[in-house]
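Participant: this is a predicted model, with the sequence first.
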Amino acid sequence: MEASMEMKKGPWSSDEDSKLIHSISLLGQGRWDSLSRFAGLKRSGKSCRLRWLNYLRPNLRRGKITPQEQLLIILLHFRFGNRWSKIAENLPGRSDNDVKNYWRTKVQKHAKELHCDVNNSHQFRHFLLYQWLPSLLAQQISPTTPPSSPNNMMTCPNADFISSPEDNNTSYNIWNNLSSFEDEINISHDYSIPTDDEYYCHNYWPTTPSQVLLPDEMLCLDDDMDLWLFP
DNA sequence: AACTACCTCAACCGCGATAGC
DNA sequence: AGCTATCGCGGTTGAGGTAGT
């Protein structure tokens, strides 16, 4: 792309969108600069790529990030850190931008409101484990929020930690889910998954998310902020 | 109705990685 | 090996929308 050529910036028009979609249908993705020229767009290849990936490509999910997706993001963030594209790979229909925006506008904002220094990894990790994650889990197992029906189930290509429609034993699945991350977030191998879900639901999980805290006897952090689960 | 504050998210920027010559 | 073009990622910005006063 010639440097002298005046590049258009800012919001895309529907006409530009149509041109880009049409060109991609003919040439496929990639070689974005040539694609932009072919489409007759005065846009950088970079801009075209971003518009396609974050807005135009098929099967993009719109609307709010669901509690299930939020839970997934938290768990995957323990695994990958701020690698948004890696996290987004596990969220069908969501772009890395969606994940990043959610993280900054919701998670980090809430952490700051609770005077948690998001740049302090220990403090922030503590916030995630003791404040954010429990509230998400509570939303999933709260009696007022029944487990997902087959119609709104989300499938996850690389991880299997959303309860199946056949299995309404949500809290059990969540603990299984955590166990699948033991290598990544250093959960002790020496724990047992609760078998009496009624016990855990009724004794440890108030129905109001804001009241929820994981009890220390079940889950705690050691000095290195590694996550430990206790029987 | 008008103004302000806050929120959301599309889009840009800079940089490092990679490919091709 | 070195240069250039391109791609992809994470961080950041700001326009537009919405809620509150």
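Facilitator: It's in. Residues are numbered from 1 along each chain as shown, chains lettered A, B, ... in the order given.
Participant: please tell me how far the closest residue to DNA strand C within chain A sits from A:E113.
Facilitator: Minimum separation of chain A from DNA strand C (CB to the nearest atom of the strand) falls at A:R83, amounting to 3.1 Å. Glycine gets a C-beta too; all of them are placed from N, C-alpha and C. Using CB to CB, to the nearest Å, one gets 25 Å for the distance from A:R83 to A:E113.
Participant: ok, these two, which is more surrounded?
Facilitator: More neighbours surround A:R83 than the other of A:R83 and A:E113, with 14 against 8 (other CB atoms under 10 Å).
Participant: what pLDDT does A:N176 get?
Facilitator: At A:N176, the model reports a pLDDT of 44.
Participant: mind checking what secondary structure A:P58 has?
Facilitator: coil (DSSP: H, G, I helix; E, B strand; the rest coil).
Participant: what helix or strand is A:P11 on?
Facilitator: Using DSSP states H and E, A:P11 sits in no helix or strand.
Participant: low pLDDT regions in chain A?
Facilitator: Applying pLDDT under 70 to chain A flags residues A:1-6, A:119-120, A:134, A:136-231.
Participant: if we use 90, what do you get?
Facilitator: Chain A contains residues with pLDDT under 90 at A:1-11, A:13-14, A:23-46, A:53-55, A:57-96, A:100-231.
Participant: how about the residues of it near DNA strand C?
Facilitator: For chain A, the residues in contact with DNA strand C (CB under 7 Å from any atom of the strand) are A:1, A:11, A:30-34, A:45-46, A:49, A:82-86, A:96-97, A:100-101, A:104.
Participant: got the end-to-end distance for stretch A:46-55?
Facilitator: Start-to-end span of stretch A:46-55 (CA to CA, to the nearest Å) is 14 Å.
Participant: again with stretch A:60-69
Facilitator: Using CA to CA, one end of stretch A:60-69 lies 14 Å from the other.
Participant: same question, stretch A:83-94
Facilitator: OK, stretch A:83-94 end separation, CA to CA: 14 Å.
Participant: sorry, back to before: state the distance from the residue of chain A closest to DNA strand C to A:I73.
Facilitator: Counting by CB to CB, the separation of A:R83 from A:I73 is 12 Å.
Participant: how about the residues of chain A by DNA strand B?
Facilitator: Residues of chain A lying near DNA strand B (CB under 7 Å from any atom of the strand): A:8-12, A:46-47, A:50-51, A:54-55, A:63-64, A:97-98, A:100-101, A:104-106, A:109.
Participant: how does it look with 6 Å?
Facilitator: By CB under 6 Å from any atom of the strand, the part of chain A that sits against DNA strand B consists of A:K9, A:G10, A:P11, A:W12, A:S47, A:L50, A:R51, A:N54, A:Y55, A:N97, A:N101, A:T105.
Participant: OK, contacts around the fourth one?
Facilitator: Meaning A:W12. The contact partners of A:W12, taken as CB atoms under 8 Å, 6 or more residues apart in numbering, are A:R51, A:Y55.
Participant: please repeat the previous calculation with a cut-off of 6 Å.
Facilitator: A:R51 (CB atoms under 6 Å, 6 or more residues apart in numbering).
Participant: how far away is it from A:R37?
Facilitator: Separation of A:W12 from A:R37 (CB to CB) stands at 17 Å.
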